[in-house]
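Engineer: Following is a predicted model, sequence given first.
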Amino acid sequence: MGEEMQKDIIALTDLSKFFGSYHALRGINATIREGEFFSLLGPSGCGKTTLLRMIAGFETPTSGGIAIDGKPMEGISANQRPTNMVFQSYAIFPHLNVAENVGYGLVTRKVPKAEIATEVSRALAMVDLAGYADRAAHELSGGQRQRVALARALVMRPKVVLLDEPLSALDKKLRDQMQVELRELQQSLGITFILVTHDQEEALIMSDRIAVMFEGEIAQLASPEDLYRRPASKRVASFIGVMNFLEARIKAVKGDIIRLNIPALGDIEISRSGLAPELDLDRVRSVGVRPEMLTIAFDDAETFEQTVEGEIAGTSYYGDMTYYSVQLQGQADPVTISMRNTAGRSIAKPGSKVRIGWGAESLVLFDSD
Amino acid sequence: MVARLRSLMAVKWLTVYAVSYMLFLYLPVILLPLFAFNDATVVAFPLSGFTTKWFDVLWTTEALHGAVRNSAIVAISTAVLSTIFGACAARAGARYRFPFKSGIIGFIMLPLVLPEIIVAVALLVMLVQLGMSLSLWTVIAGHVLICTPFSIAILSSAFAGLDQSLEEASFDLGESKWGTFRRVTLPLVMPGVISSLLITFTISLDEFIIAFFLTGTDVTLPVYIWSQLRFPTKLPSVMALGTILLTLSILLLILAEWFRRRSARRQGRDAAAAGGFV
């Protein structure tokens, strides 16, 4: 695989952090590759910000080590590290104008004045703020402040850019736009970005790889697609998007073939090789099904691998999509099924009986909570 | 109709109260320049003519010049020292958590409520016990003790209002701790620093009790003025001196406010809303 050829830029080994008696990070092991967009995703208090601040040099690990570009970072303070940060509050210096803010770090490096001016205007052009150099900090909108903070970090040509929830202060429309822009900028520059976010959608859209964190531990580190399609635990599965959980039991294992019984859906045979190798078959008690992995058969002519009868309990209309809540036999809670609202299809009424199509590909097996 | 009359009356009474309050406060102050330019040794009405001779007397009084110089040394040293100490304490209070923090801060603020005469006598007894001779430095030490709490009170809000991530951002951009203080922290708390310098300067300049107890042969201005009040003929020139001091204080306050508003405007804050001592 091509990804294997990529060089590691950051290595985190057995990182632990105590704040007094509070165990904020519990043995973090991960490598971040050069040029990738890496996200730390988790609910608040999971330690993602602590980990980011530790990479920046603002927090000292209680034990374990961080290496950036092969160099151990122990004893190297934040102002000596090849990382630059975009703060959640943006931390734009209020007494300096845009150009002075962006050029701040270059002045520290004693770069000649003329060179600073060219570097600053280059960086401002990069973030679409050309012509804003003389603006006072307080004259900027939220989105512009975010861009200035980014330009201020990029102008330093860091090996790694650290972003601490940079979009959380923006409104929804601007946030969606900035997600795309940030991703495009990162790809064109080829600089490693590490993003901290609690927004799973944002992480999925922007990242090459995502580390999902709960209670100071990495629960799963994978690409957005793997994370969504093959979540390692029920907790990860319900944190990333919507997942229906159904009771399930393995009836028999014959070589590569596993016979699975799901009371709400029926029996099915699946192949062992399609599952995660570390999955403990003896402990499988449930399966997960994404809402879009189930299909309501509006057209009787449609064929499916497997079908099951259900009754629509409720609908939520989203414009392009409709989310159906469907009651299945042998399952207490209704399952959620999402259907695209294509031309000529009306929304099915609650109480109507429907045929639901599913298959082996729809299922994720869980051996734990 | 009755209601309107009543509201009119209420306004009238309030106005009368406000005006008489202001007169009571400021009339004596207005009398000061009035008699400073009055051509008579006796401070009494009617005024007998315009003169600037009391000011001329000031120019030729050597002892006064010494007192002014002493007061300037004491007030400037006190302002600088107590603002530095105040800044350190205010920053520590705003940024760090340490054991017995509120106790320690409370202890530093204590001179604010202690009777000055107690502080003065206690300091005098201690200095004598230590065998230190009284000089301008002992006065400065006493003044720093009572001025530092004011400085902390002024600077605490300046430091508390400072976003911690600004200092982190500077450090993250390669700047040293000292460079961060110089390029980010100091400019942002500058209005507070100037305000603190001016307030502590003013407090030290007109402080009498501690200066009276702790001064050696070099007297400060208030102690000098007090000593001159024993001679009735000197009274008009004391008033002239008072007029000069009054003008200077007003100019200083206007300057301080101008600085504060300018920096508030630069940072895009509403000058009136940003607070300040004036």
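Structural biologist: Cool, the structure landed.
Engineer: what number of residues lie near B:L229?
Structural biologist: By other CB atoms under 10 Å in any protein chain shown, 10 other residues sit near B:L229. C-betas here are computed from N, CA, C, even on glycine.
Engineer: got a list of what the nearest residue to it once chain neighbours are set aside touches?
Structural biologist: Closest residue to B:L229 apart from its sequence neighbours, by CB to CB, 6 or more residues apart in numbering or on different chains: B:V238 at 6.6 Å. By CB atoms under 8 Å, 6 or more residues apart in numbering or on different chains, the residues touching B:V238 are B:225, B:228-229.
Engineer: Where does B:V238 sit, in terms of helix or strand?
Structural biologist: Using DSSP states H and E, B:V238 sits within helix B:235-266.
Engineer: same check, this time on A:I312
Structural biologist: strand A:306-317.
Engineer: by contact count, what packs against that strand?
Structural biologist: strand A:266-271, strand A:321-328, strand A:353-358 (3 or more CB pairs under 8 Å, 6 or more residues apart in numbering or on different chains; DSSP states H and E).
Engineer: Would you tell me which one of those strands is buried the most?
Structural biologist: strand A:321-328 (a mean of 18; mean count of other CB atoms under 10 Å in any protein chain shown).
Engineer: Point out the other helices and strands that the lengthiest helix in chain A packs with.
Structural biologist: Using DSSP state H to define each element, chain A has its longest helix at helix A:172-189. Using 3+ CB pairs under 8 Å, 6+ apart, the elements in contact with helix A:172-189 are strand A:37-41, helix A:142-154, helix A:200-206.
Engineer: Tell me which helix or strand comes right after that helix.
Structural biologist: Immediately after helix A:172-189, counting by DSSP H and E, sits strand A:192-197.
Engineer: and that following strand, which strands flank it?
Structural biologist: Strands that pair with strand A:192-197, judged by DSSP bridges, come out as strand A:37-41 (parallel), strand A:160-164 (parallel).
Engineer: quick check, B:L145 in a strand?
Structural biologist: No. Using DSSP: H, G, I helix; E, B strand; the rest coil, the assignment for B:L145 is helix, not a strand.
Engineer: ok, how many other residues are close to it?
Structural biologist: Neighbours of B:L145 (other CB under 10 Å): 19.
Engineer: Please report how far the residue lying closest to it once chain neighbours are set aside lies from B:C88.
Structural biologist: Leaving out its chain neighbours, the residue that sits closest to B:L145 by CB to CB, 6+ apart is B:P111, at 5.4 Å. Going from B:P111 to B:C88 by CB to CB, to the nearest Å gives 16 Å.
Engineer: Compare these two (neighbour count), which wins?
Structural biologist: Using other CB under 10 Å as the criterion, B:P111 and B:C88 rank with B:P111 on top: 18 against 14.
Engineer: Let's have the helices and strands packed on helix A:172-189 in TSV, adding mean neighbour count and distance to B:A153.
Structural biologist: Output for the helices and strands packed on helix A:172-189, formatted as TSV (neighbours: other CB atoms under 10 Å in any protein chain shown; distance: least, CB to CB, whole Å):
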stretch	mean neighbour count	distance to B:A153
strand A:37-41	26	42
helix A:142-154	23	32
helix A:200-206	20	44
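Engineer: can you tell me how far B:L124 sits from chain A?
Structural biologist: Distance, B:L124 to chain A, using CB to the nearest CB, to the nearest Å: 45 Å.
Engineer: So for that residue, what's the pLDDT?
Structural biologist: The per-residue pLDDT reported for B:L124 equals 91.
Engineer: quick one: the helices in chain B?
Structural biologist: Under DSSP H, chain B gives helices at B:2-36, B:53-60, B:62-95, B:101-109, B:116-130, B:136-160, B:164-172, B:177-180, B:186-205, B:209-214, B:221-228, B:235-266.
Engineer: Quick check: closest non-adjacent residue to the one residue sitting closest to the centre of chain B.
Structural biologist: In chain B, the residue lying closest to the centroid (CA atoms, centre = their mean) is B:T202, at 2.7 Å. Using CB to CB, 6+ apart and skipping residues adjacent in sequence, the residue nearest B:T202 is B:S249, 6.4 Å away.
Engineer: again with A:R345
Structural biologist: Excluding the flanking residues, the one nearest A:R345 by CB to CB, 6+ apart is A:F298, at 5.9 Å.
Engineer: isn't the one you found right next to A:I347, touching?
Structural biologist: No. The pair A:F298 / A:I347 is not scored as a contact, 10.2 Å apart, by CB atoms under 8 Å.
Engineer: which bits of chain A sit near chain B?
Structural biologist: Residues of chain A found near chain B (CB under 8 Å from any CB of the partner chain) are A:56-58, A:77-80, A:83-85, A:87-89, A:91, A:93-95, A:104-105, A:108-109, A:136-139, A:152, A:156.
Engineer: In helices, which of those residues appear?
Structural biologist: Filtering the residues of chain A next to chain B for helices - DSSP H - leaves A:56, A:104-105, A:108, A:152.
Engineer: export these to JSON lines and tack on pLDDT?
Structural biologist: Shown next, in JSON lines, are these (pLDDT from 0 to 100):
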{"residue": "A:A56", "pLDDT": "94"}
{"residue": "A:Y104", "pLDDT": "94"}
{"residue": "A:G105", "pLDDT": "93"}
{"residue": "A:T108", "pLDDT": "91"}
{"residue": "A:R152", "pLDDT": "94"}
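Engineer: Which of those has the largest number of neighbours?
Structural biologist: Neighbour max across these (other CB under 10 Å) = A:R152, 30 neighbours.
Engineer: quick one: contacts for that residue?
Structural biologist: A:84, A:101-102, A:104-105, A:123, B:169, B:173.
Engineer: secondary structure class for A:L25?
Structural biologist: strand.
Engineer: Now do the contacts for it.
Structural biologist: A:15-17, A:47, A:50-51, A:54, A:61, A:216.
Engineer: ok so, going back, need the residues that contact the longest helix of chain A.
Structural biologist: Where contact means CB under 8 Å, 6+ apart, the residues beyond helix A:172-189 that reach it are A:37, A:126-128, A:142-143, A:146, A:150, A:154, A:161, A:163, A:166-167, A:170, A:193, A:202, A:205-206.
Engineer: before we move on, what about stretch A:241-253?
Structural biologist: A:200, A:228, A:231, A:234, A:237-238, A:258-265, A:267, A:272, A:281, A:284-291, A:294, A:331, A:335-336, A:364-366.
Engineer: buried subset of these?
Structural biologist: Buried members of those, counted by 16 or more other CB atoms under 10 Å in any protein chain shown: A:200, A:228, A:231, A:234, A:237, A:258, A:260, A:262, A:264-265, A:284, A:286-291, A:294, A:331, A:335-336, A:364-366.
Engineer: So A:F239 sits against A:V212, correct?
Structural biologist: Yes. Using CB under 8 Å, A:F239 is in contact with A:V212, at 6.4 Å.
Engineer: When those two are compared, which one has more neighbours?
Structural biologist: A:V212 (27 against 21).
Engineer: mind checking the SS state of that one?
Structural biologist: strand.
Engineer: Would you mind naming the residues that bridge with it?
Structural biologist: Applying DSSP bridges, one finds that A:V212 bridges with A:L41, A:Q220.
Engineer: Compute the distance between it and A:L167, please.
Structural biologist: 19 Å.
Engineer: ok, A:L363 - contacts?
Structural biologist: By CB under 8 Å, 6+ apart, the neighbours of A:L363 are A:260, A:262, A:268, A:270, A:287-289, A:293.
Engineer: In strands only, show me those.
Structural biologist: A:260, A:262, A:268, A:270, A:287-289 (DSSP state E).
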